[in-house]
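Enquirer: Below are the sequence and a predicted model; questions follow.
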Amino acid sequence: MEFISGHVGREQEISQLFAATFSDSEGAEEGNIIRLLVDDLMETTPHQDLFVFSAYDDQVFVGCIFFSRLNYEQDDRTVFILSPVAVKTDQQKKGVGQKLIAYGLNELCHRGIDIAVTYGDPDYYSKVGFRQITEEFAQAPLKLNHPHGWLGQSLSEKEQGSLIGPSHCVEALNKPELW
């Protein structure tokens with residue numbers, strides 16, 4: 001499996017992967033919602049606030065993940081949120097997502113990111129080091145519909161106490177229906 005960073009010049013391929021994957025699992029409406037989110041992330045998020053990592057198997061595009069900045073203005077630690085994640089439907093349950101997320105987390109660690117958070121299935125994300133956190137530890141930018149899915153992990157040696165203050169996500173994620 002080969003991993004690459006970035007999205008420039010691959011926007012359509014990435015958008016199509018997310019639309020197809022989420023349409024297959026959640027229906028066409030959800031596929032369109034996630035496609036629009038991905039397009040918005042790629043078009044509007046400043047370069048320094050976005051990391052996109054993709055996986056290829058025998059030159060076939062099989063997965064993609066996004067990390068975007070989650071800003072805690074009163075805290076000096078750098079935080080990024082993993083969202084969304086897509087693995088081609090016929091490649092799921094083969095470890096592609098876990099390998100891709102592990103690669104992305106390792107890249108963030110090497111780039112000096114202190115903490116990664118995500119919002120999803122604790123059973124799945126715990127396989128790549130995420131643990132349930134509370135909003136007292138790290139306030140979400142918007143109201144969580146499923147607080148048990150608020151997850152995080154440290155990527156650095158900095159103090160691991162609670163993140164200070166309210167948080168703000170990138171504009172593309174700043175929609176209550178996504179939380």
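Expert: Thanks, I have the structure now. Numbers count the residues shown, from 1 in each chain.
Enquirer: Going by C-alpha atoms from here, please, whenever you check contacts or count neighbours.
Expert: Noted.
Enquirer: remind me, longest strand of this structure?
Expert: The single longest strand within the chain, with elements called by DSSP state E, is strand 60-72.
Enquirer: Show me which positions of that one end up buried.
Expert: Residues of strand 60-72 classed as buried by neighbour count (16 or more other CA atoms under 10 Å): 61-72.
Enquirer: Go through those residues and say which is closest to residue 146.
Expert: Within these, the smallest distance to residue 146 is 18.5 Å, found for residue 70 (CA to CA).
Enquirer: from memory residue 116 sits against residue 155, does it?
Expert: Yes. Look at residue 116 against residue 155 with CA atoms under 8 Å: they come within range, at 7.0 Å.
Enquirer: And the buried residues of strand 60-72, which two are furthest apart?
Expert: Maximum pairwise distance in the buried residues of strand 60-72, criterion CA to CA, is 34.0 Å, between 61 and 72.
Enquirer: overlap in contacts of residue 116 and residue 155?
Expert: residue 105 (CA atoms under 8 Å, 6 or more residues apart in numbering).
Enquirer: all strands of the protein, in order?
Expert: For the chain, strands defined by DSSP E occupy the ranges 2-5, 50-57, 60-72, 79-87, 115-119, 131-132, 150-154, 167-169.
Enquirer: Between residue 116 and residue 155, which has more neighbouring residues?
Expert: Neighbour comparison, residue 116 and residue 155: the larger count goes to residue 116, with 24 against 19 (by other CA atoms under 10 Å).
Enquirer: okay, now residue 137: neighbour count?
Expert: 14.
Enquirer: got it, and residue 106?
Expert: For residue 106, the count of nearby residues is 13 (other CA under 10 Å).
Enquirer: Which of the strands of the chain sits closest to residue 142?
Expert: strand 167-169 (8.4 Å).
Enquirer: Please name the strands paired to the closest one in the sheet, noting orientation.
Expert: Strand 167-169 has its sheet partners listed here by DSSP bridges as strand 60-72 (antiparallel).
Enquirer: Pull out the buried positions in stretch 16-25.
Expert: In stretch 16-25, counting by 16+ other CA under 10 Å, buried: 17-23.
Enquirer: what does stretch 99-107 give?
Expert: For stretch 99-107, burial by neighbour count (16+ other CA under 10 Å) applies to 99-101, 103-105.
Enquirer: that older thread, of all the strands of the chain, which one is nearest residue 139?
Expert: Smallest distance to residue 139 across the strands of the chain (CA to CA): 6.2 Å, for strand 167-169.
Enquirer: what's the average pLDDT for that closest one?
Expert: Averaged across strand 167-169, pLDDT comes to 97.
Enquirer: From the chain's centre, how far out is that strand? Work that out for me.
Expert: Chain-centre distance of strand 167-169: 14 Å, with CA atoms, centre = their mean, to the nearest Å.
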